[in-house]
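# All I have is the shape, not the residue letters:
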Ligand SMILES: NC(=O)C1=CN([C@@H]2O[C@H](COP(=O)(O)OP(=O)(O)OC[C@H]3O[C@@H](n4cnc5c(N)ncnc54)[C@H](OP(=O)(O)O)[C@@H]3O)[C@@H](O)[C@H]2O)C=CC1
Ligand SMILES: O=C(O)CCC(=O)C(=O)O
Ligand SMILES: [Mg+2]
């Protein structure tokens, strides 16, 4: 394997034993800068995290950052064909906790998503995206404070498996012929020019995701878990997700039907309070989150629904400029912004770095460095309350002072 990664001379790897993280005081954290606005948001993220760690622990704890490569930068550092080097994957496997900026995916043709590839190759099956309002953030809804949800998006299956055949290709024709001749399909129209996509959804994949969502509700004293699906139309994928989810709640968490089901409830073993397990069809959910957000807490859903819902919910609390996320399994966690590479803003030092900074806050909490995570949140709230904000907030806030991407990072540090 080529070695284009400079391993810090100081610092140690985080280890993970049976799902239990062991974090040294001087962890090495791999990071991907990201394409497009990655160059803008990643440096302030590192600066803010370093400041929070230093303020919380003085010299007792320090992160040693290690740049690893993916996307356009990888093609410069390795060679023009290498977008996701094996070395990058190895580093995440070895160092267990990392963070990344956004990576570009062309629409239509071209290569498949590197973001999705990273999740699939490392089997980071949970995409966890908390959505919460910060006081003072401009919002298009009347009561943004009622939005307090944590999305658990299945991250390894669904149409993101990338099993897709181009219209007119030999594979598409072969698949269409198979479906018509051997599977009795009668409703494929315009067979000569029809693309085909396959949507795998498994019981195991559903169960491990829903298990994490319910456990999160237990650990964080949440009142409900909502299974979001389009099971009325896609019965054996989305519908099965709903059935398997409820079944798991009953079998593994002792949930009982409410009034004959399908909703059920369980007693939180840590608090004694009730947790409701319910389901909503995906299109109705997009209405519900606008009209009655207070009724939803933890959401467990499939990959595509989760992608849509996370951007829609982010909009309600100020936009994807401040929407954080994590991709994780029982061993590795890679934190990442919810937004993309926003190419028109790349290199302008303009966009909001809040999304990747709040992803870093999740990372610090995941590492057990809660004091630093709390400071980071305090800094973010302080900067927003002082109305020193980037363009996305400034254009919607009365009396705000416009700051650049890097200045917003500095404002966060000033308010820690
Ligand atoms: N995980 C990842 O790495 C992801 C990668 N992508 C990829 O990113 C590329 C671009 O995707 P696109 O659909 O344009 O979505 P983007 O999220 O990149 O941008 C869409 C819009 O969101 C707003 N926005 C995004 N980031 C910020 C920020 N940090 N601060 C303030 N506003 C922000 C901007 O709105 P406005 O114009 O109103 O200012 C921007 O024009 C594609 O290649 C896509 O595949 C997409 C999503 C996730
Ligand atoms: O991989 C991509 O390009 C898009 C991914 C995405 O939209 C997401 O993860 O929310
Ligand atoms: Mg998305």
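Now that the structure is in, tell me what you want to look at. Everything quoted here is computed from the prediction, not taken from an experiment. Ligands and ions are numbered 1, 2, ... in the order given.
# domains for this structure, by residue range?
1-132+323-415, 139-157+201-317, 164-197 (the TED database).
# where along the stretch 201-350 of the chain do the helices fall?
Using DSSP state H, counting those that start in this stretch, the helices found in the stretch 201-350 of the chain span residues 203-219, 238-253, 282-291, 303-316.
# got it, and the stretch 1-150 of the chain?
Using DSSP H, counting those that start in this stretch, helices in the stretch 1-150 of the chain cover 38-57, 72-77, 86-95, 114-121.
# Turn the helices of the stretch 201-350 of the chain into TSV, columns for mean pLDDT and mean neighbour count.
Where C-beta positions appear, they are placed from N, C-alpha and C, glycine not excepted. Formatted as TSV, these follow (pLDDT from 0 to 100; neighbours: other CB atoms under 10 Å):
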stretch	mean pLDDT	mean neighbour count
helix 203-219	98	20
helix 238-253	98	20
helix 282-291	96	16
helix 303-316	95	20
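# Dump those helices to CSV, plus distance to residue 128.
Converted to CSV, the helices of the stretch 201-350 of the chain look like this (distance: least, CB to CB, whole Å):
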stretch, distance to residue 128
helix 203-219, 8
helix 238-253, 16
helix 282-291, 17
helix 303-316, 10
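# Can you lay out these as TSV showing distance to ligand 2?
Below are the helices of the stretch 201-350 of the chain laid out as TSV (distance: least, CB to the nearest ligand atom, whole Å):
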stretch	distance to ligand 2
helix 203-219	15
helix 238-253	19
helix 282-291	16
helix 303-316	5
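# so which of these comes closest to residue 269?
helix 203-219 (6.6 Å; CB to CB).
# who's in contact with that closest one?
125-126, 128, 150, 152, 154-157, 222-225, 227, 240-241, 244-245, 248-249, 252-253, 266, 268-270, 275, 277, 297-300 (CB atoms under 8 Å, 6 or more residues apart in numbering).
# Hey, what's the angle from that helix to helix 303-316? Just curious.
Helix 203-219 runs at 30 degrees relative to helix 303-316, counting by axes from the mean of the first three to the mean of the last three CA atoms, to 10 degrees.
# Helix 203-219 vs helix 238-253, what angle?
Going by the same axes, to 10 degrees, helix 203-219 makes 50 degrees with helix 238-253.
# Numbering from 424 from now on, please.
Shifting the count to begin at 424 puts that one at helix 626-642.
# Roughly how far does the residue of the stretch 624-773 of the chain found nearest ligand 1 sit from residue 743?
At 2.2 Å from ligand 1, residue 763 is the closest residue in the stretch 624-773 of the chain, using CB to the nearest ligand atom. According to CB to CB, to the nearest Å, residue 763 stands 8 Å off from residue 743.
# For the residue lying closest to residue 764 once chain neighbours are set aside, give me its contacts.
Leaving aside its chain neighbours, residue 764 sits nearest to residue 459 (2.7 Å; criterion: CB to CB, 6 or more residues apart in numbering). Neighbour list for residue 459: 525, 527, 763, 764, 765, 766, 768, 769 [criterion: CB under 8 Å, 6+ apart].
# hmm, try it at 10 Å
By CB atoms under 10 Å, 6 or more residues apart in numbering, the contact set of residue 459 is 494-495, 524-527, 762-770, 774.
# Give me the contacts around stretch 437-444.
Residues contacting stretch 437-444 (CB under 10 Å, 6+ apart): 445-447, 450-452, 517-521, 752-756, 789-791.
# Quick one, which of these are buried?
446, 450-452, 518-521, 752, 754-756, 789-790 (16 or more other CB atoms under 10 Å).
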